[in-house]
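Asks: Prediction below, plus the sequence it came from.
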Amino acid sequence: MPYGMKRREFLKISSATGAIGFGGIHRTAHAAAAGGAPLVSPGCRRTKVRVARIYMGTAHGLWPKPNLNFEEEIRFYRDRFGEMVDELTDVDFVVDELITSGEQAAKLKGRLGDVDGVLAIHFNIGIGPILQEVLAAGKPTVVFADPYSGHEWVGFGAMEKEERGANLACMLTSDYTQLAAAVRPFRAIHHLREAKILNLTTRQFDEYAKNMRETFGTEIKRIELDRMLDAYRAVPESDAKTEAVRWIDGATAVVEPSREEIVNSCRLALAFERLLDEENATVMTADCYGTMFGPLCQKVAFPCIGFTRLNDMGYGGICESDLQSAMTHIIFQGLTGKPGFISDPTVDESNNTIILAHCLGTTKMDGPDGFKAPYKLRTIMEREEGAVPQVSMQIGRRVTQAKLVGTDFMPYFTGEIVGVPDTDRGCRTKIAVRPDGDLTHLWKNWSSGLHRVTCYGDITKDLERFSKFTNIRLVNEAV
């Protein structure tokens, strides 16, 4: 058929493609070994990301060629999605249709109410009315247009800047792996809405929690010390010792901590996992340098190994009840499937680097199934007590550092790891990063406190799309 396909023929293709993105649910290596519940995707344990995948084509379009065979086009894209199935195992394409007119798109709007986003694939010229109706649904929408799709791209830039384009981002590329990238902002939005942060503290954070819940859907719940201690005592000592052996055997060296300190830390780590399971939560944080320093850290154990362990598993372990870093961590996991590294930066203009340092390091910065970096077991530097993994991250890796401030501002920069300092000054885990842009400009424009969160990879484009869809002002402080 020269101009399109009948509904029955398209449904046949839809059935064939239905398995795409529905493959085996991701399970971390540890969760599989422990028999725990599988993660839908790193940092999200409830439901899959819901995406509407639509193909936009018109029977009257003569460019890129007359009589474009939509069946062949869909088959081509079906094969591309099949090549990326591992990146889309947490995605349900709950709408998956060819749309050939504005009228058909208008009827589709009622089915987009509960999707996280729309991936609209551009086939040929004349799709303007279709796109207008899709945008009218008010859902985050990414248009994927290869170089031979149509001439509508000349208006995409202006459309993105208009009110009707507030939920529009466009990808003009022949790199079909970017089809998976197009879903990333939807995943981050989904993760924020599904996330639940447990905060072990006596400090007040009600106003911040209210703002996060109203803006992103994220729940932040207080955990009382007594409940934490009950969970700690409920962990069998034998389990704690087994976990401690795993950490000790995996270390390149155990420098200061005693075996008892490591066992206690691992018992607390297992208690964290127990609490997350009980609460169906995804992130744990504790006021370890504040209200929990005496009753938890000094009398029971420091949380550092437990936080590293959660990060390695695909959840979140966040230092010092830093809720802004917790939210940023969730965003990074949604965009990249990778955890973040919280740091206290310091600057060295002599070699154009910013040194990102924190005692807590994460060994699986490439995600739960990725490379595991070597580590030593050390004490916390400024306390000279506790047990913490000092991680040697990979030189040469590109990184992005950012922090969500409030609900609508995110400073960030990108760079490359050029060194892994191992000195007796500063926190245990350190990376020296040469930023893109101007280092002096970066530190003179620094704002919003000390902590930031770093992840592997230059994720600028992903952050730009996510920030656009969530009305966040994204500012590169090094430019």
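Replies: Thanks, I have the structure now.
Asks: show me what contacts Asp422?
Replies: Asp422 is in contact with Ser392, Lys430, counting by CB atoms under 8 Å, 6 or more residues apart in numbering. From N, CA and C alone the C-beta is placed, and that goes for glycine too.
Asks: Can we start the residue count at 891 from this point?
Replies: New numbering, starting at 891: the last item is Asp1312.
Asks: Over to it: give its phi and psi.
Replies: With angles defined as degrees, to the nearest 10, Asp1312 sits at phi -130, psi 80.
Asks: now do Ile1011
Replies: phi -100, psi 120.
Asks: what number of residues lie near it?
Replies: Each residue near Ile1011 was counted by other CB atoms under 10 Å, and the total is 23.
Asks: my read: it touches Val941, true?
Replies: No. Using CB atoms under 8 Å, Ile1011 is not in contact with Val941; the gap is 11.9 Å.
Asks: tally of neighbours for Leu1025?
Replies: 22.
Asks: isn't it right up against Val1033?
Replies: No. Counting by CB under 8 Å, Val1033 is not a contact partner of Leu1025; they are 9.6 Å apart.
Asks: any shared contact partners between these two?
Replies: Leu1058.
Asks: Show me the helices in the stretch 1041-1190 of the chain, by range?
Replies: 1043-1051, 1068-1084, 1096-1106, 1115-1124, 1127-1140, 1149-1169 (DSSP state H, counting those that start in this stretch).
Asks: out of the ones you listed, nearest to Leu1002?
Replies: helix 1068-1084 (12.2 Å; CB to CB).
Asks: Give the buried residues for stretch 1270-1287.
Replies: Ile1270, Met1271, Gly1276, Ala1277, Val1278, Pro1279, Gln1280, Val1281, Ser1282, Met1283, Arg1287 (16 or more other CB atoms under 10 Å).
Asks: quick check, nearest of those residues to Phe1299?
Replies: Arg1287 (26.5 Å).
Asks: who's in contact with Ala1216?
Replies: Ile1087, Ile1110, Val1173, Thr1175, Gly1206, Ile1208.
Asks: Tell me what the third one is bridged to.
Replies: It stands for Val1173. Ile1087, Gly1206 (DSSP bridges).
Asks: Okay, domains of the protein per the record?
Replies: 897-1081, 1085-1366 (automatic domain parsing).
Asks: These into TSV, with extra columns for mean pLDDT?
Replies: Converted to TSV, the domains of the chain look like this (pLDDT from 0 to 100):
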stretch	mean pLDDT
domain 897-1081	82
domain 1085-1366	94
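Asks: In this structure, where's the longest strand?
Replies: As assigned by DSSP state E, the longest strand anywhere in the chain is strand 1299-1309.
Asks: roughly how far apart are the residue nearest in space to the middle of the chain and Gln1022?
Replies: The chain has Gln1223 as the residue nearest its centroid, 1.9 Å off, counting by CA atoms, centre = their mean. Distance, Gln1223 to Gln1022, by CB to CB, to the nearest Å: 34 Å.
Asks: Same check on Cys1345?
Replies: Applying CB to CB to Cys1345 and Gln1022 gives a distance of 36 Å.
Asks: Looking at these two, which one has more neighbours?
Replies: Cys1345 (27 against 14).
Asks: So the more buried one belongs to a helix, correct?
Replies: No. Assigned with DSSP: H, G, I helix; E, B strand; the rest coil, Cys1345 falls outside any helix and is strand.
Asks: Setting aside sequence neighbours, what's the nearest residue to it?
Replies: Distances taken as CB to CB, 6 or more residues apart in numbering put Phe1222 closest to Cys1345, at 4.5 Å, once the chain neighbours are dropped.
Asks: Next: Asp1352.
Replies: Leu1225 (4.5 Å).
Asks: Counting neighbours, what do you get for that neighbour?
Replies: 23.
Asks: which residues touch it?
Replies: When contacts are counted by CB under 8 Å, 6+ apart, Leu1225 touches Arg1074, Pro1075, Arg1077, Ala1078, Ile1349, Asp1352, Leu1353, Phe1356.
Asks: Which pair of the contacts of Ala1216 spans the longest distance?
Replies: Across the contacts of Ala1216 (CB to CB), the longest gap, 12.1 Å, separates Ile1110 and Gly1206.
Asks: Overlap of the contact sets of these two?
Replies: Ile1087, Ala1216.
Asks: Which one of these two is surrounded by more residues?
Replies: Gly1206 (28 against 23).
Asks: how far away is Val1190 from Phe1231?
Replies: Taken as CB to CB, the span from Val1190 to Phe1231 is 25 Å.
Asks: hmm, back to that, now render the buried residues of stretch 1270-1287 as TSV, adding secondary structure and distance to Ala1143.
Replies: Converted to TSV, the buried residues of stretch 1270-1287 look like this (DSSP: H, G, I helix; E, B strand; the rest coil; distance: CB to CB, whole Å):
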residue	secondary structure	distance to Ala1143
Ile1270	strand	16
Met1271	coil	16
Gly1276	strand	16
Ala1277	strand	13
Val1278	strand	13
Pro1279	strand	11
Gln1280	strand	9
Val1281	strand	13
Ser1282	coil	11
Met1283	coil	17
Arg1287	coil	23
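Asks: Let me know the closest of the residues you listed to His1041.
Replies: Closest to His1041, out of all of the buried residues of stretch 1270-1287 and judged by CB to CB, is Arg1287, at 39.7 Å.
Asks: Contact partners for the residue lying closest to that closest one once chain neighbours are set aside?
Replies: Leaving out its chain neighbours, the residue that sits closest to Arg1287 by CB to CB, 6+ apart is Ile1307, at 4.9 Å. Taking CB under 8 Å, 6+ apart, we find Ile1307 in contact with Met1283, Gln1284, Ile1285, Gly1286, Arg1287, Val1289, Ile1321, Ala1322, Val1323.
Asks: hmm, 10 Å instead?
Replies: 1243, 1246, 1283-1289, 1321-1324, 1344, 1346 (CB atoms under 10 Å, 6 or more residues apart in numbering).
Asks: Could you do Arg1288 as well?
Replies: Arg1288 neighbours (CB under 10 Å, 6+ apart): Thr1304, Gly1305, Glu1306, Ile1307, Val1323, Asp1326, Cys1345, Tyr1346, Gly1347, Asp1348, Ile1349.
Asks: Between those, which sits nearest Arg936?
Replies: Cys1345 (22.6 Å).
Asks: Please name the bridge partners of the closest one.
Replies: Beta-bridge partners of Cys1345, as defined by DSSP bridges: Thr1290.
Asks: want to throw the contacts of Ala1216 into JSON lines with distance to Val1005?
Replies: Formatted as JSON lines, the contacts of Ala1216 follow (distance: CB to CB, whole Å):
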{"residue": "Ile1087", "distance to Val1005": "25"}
{"residue": "Ile1110", "distance to Val1005": "26"}
{"residue": "Val1173", "distance to Val1005": "25"}
{"residue": "Thr1175", "distance to Val1005": "31"}
{"residue": "Gly1206", "distance to Val1005": "25"}
{"residue": "Ile1208", "distance to Val1005": "29"}
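Asks: Among these, which one sits closest to Glu977?
Replies: Nearest to Glu977 among the contacts of Ala1216, with distances taken as CB to CB, is Gly1206, at 20.7 Å.
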